[in-house]
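# Next one to model:
(one chain, ligands or ions: 2)
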Amino acid sequence: MVTVKLKPLFEIAQLLKPYTRVFVIGCQLGSGRCKNGGLREAFKVAGYLELHGFKISGVKSPGGTCILERLSSPERDILKEAESSSDAILSLACGAGTQLIAENVSIPVITGVNTLFIGVERERKYFDEYCVACGDCVISETGGICPVARCPKSLINGPCGGAIAGKCEVDPSIPCIWYKIESRLDSLNSLSLLERKVPPKDYRSWVYPRRLVLEE
Ligand code: SF4
Ligand code: SF4
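Ligands and ions are numbered 1, 2, ... in the order given. Reported below is the predicted structural model:
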């Protein structure tokens, strides 16, 4: 999932300073899943803003903000409602969802979150980055473990040789991911994959902005 982190509430209030009537929109997908921008947080932020003199014209959290244009009523009508009743929208959706909101309304859209990474929730409230969406996936050759996102040097033919007792030299709080890759390949009887050099990544597939067009 795309992970986001709620900005400090005083920072959000600062960003909204030029406006009086604010409509708060959360997102039940990534933001909601990582408990930093779903309905609960939308109400929490709205409560804080109200205490600090803003008028809250609405609080909604659709099923998926990045697919808002494709949702049916009444979720799709949230934007019309927000636009007609507010000076600005505060979005707690990820960067993509917030931009989509901004494309569909004529009032200012302020973000209340920082979009972080594509990750997994390993334990309750604990998220790890697992993928940087590099567009040229190599994990079939690395035991299903991504060295691009999970090695601080993004080495696809690691390890770098700096690991100490199996811990990463850049961040000793994490294991060297290449130790994990080796151990996983060993358990799969596929250590021979390590003898092969993974070719340099095709960074042409990593030029922004990227697109995905589905074939019929
Ligand atoms: S190699 Fe890693 S960063 Fe690239 S697509 Fe695969 S999982 Fe994502
Ligand atoms: S110690 Fe391992 S995880 Fe850390 S930078 Fe080197 S190869 Fe990457």
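
# in the chain, which helix or strand is least confident?
helix 30-33 (a mean of 89; mean pLDDT, DSSP states H and E).

# Can you list the helices and strands that that one packs against?
strand 2-6 (3 or more Cβ pairs under 8 Å, 6 or more residues apart in numbering; DSSP states H and E). Every C-beta, even on glycine, is put in place using the N, C-alpha and C of the backbone.

# And the contacts of the strand it packs on?
Contact with strand 2-6 is made by 29-31, 34, 36-37, 41, 45, 92-94, 96, 112-119, 127, 129, as judged by Cβ atoms under 8 Å, 6 or more residues apart in numbering.

# Narrow those to those that are buried.
With burial judged by 16 or more other Cβ atoms under 10 Å, the buried subset of the contacts of strand 2-6 is 29-31, 34, 36-37, 41, 45, 92-94, 112-113, 115-119, 127.

# Can you check the pLDDT for the nearest residue to Thr98 once chain neighbours are set aside?
Using Cβ to Cβ, 6 or more residues apart in numbering and skipping residues adjacent in sequence, the residue nearest Thr98 is Ser91, 4.1 Å away. If you check Ser91, the pLDDT there is 97.

# Surely Ser91 is in contact with Thr65?
Yes. Counting by Cβ atoms under 8 Å, Thr65 is a contact partner of Ser91 at 7.1 Å.

# more crowded one of those two?
Thr65 (31 against 28; other Cβ atoms under 10 Å).

# could you list every residue that touches the closest residue in space to Glu129 that isn't next to it in sequence?
Spatially, and ignoring its direct neighbours in sequence, Glu129 is nearest to Phe117 (4.1 Å; Cβ to Cβ, 6+ apart). With contact taken as Cβ under 8 Å, 6+ apart, Phe117 is in contact with Val2, Thr3, Glu129, Cys131, Val132, Ala149.
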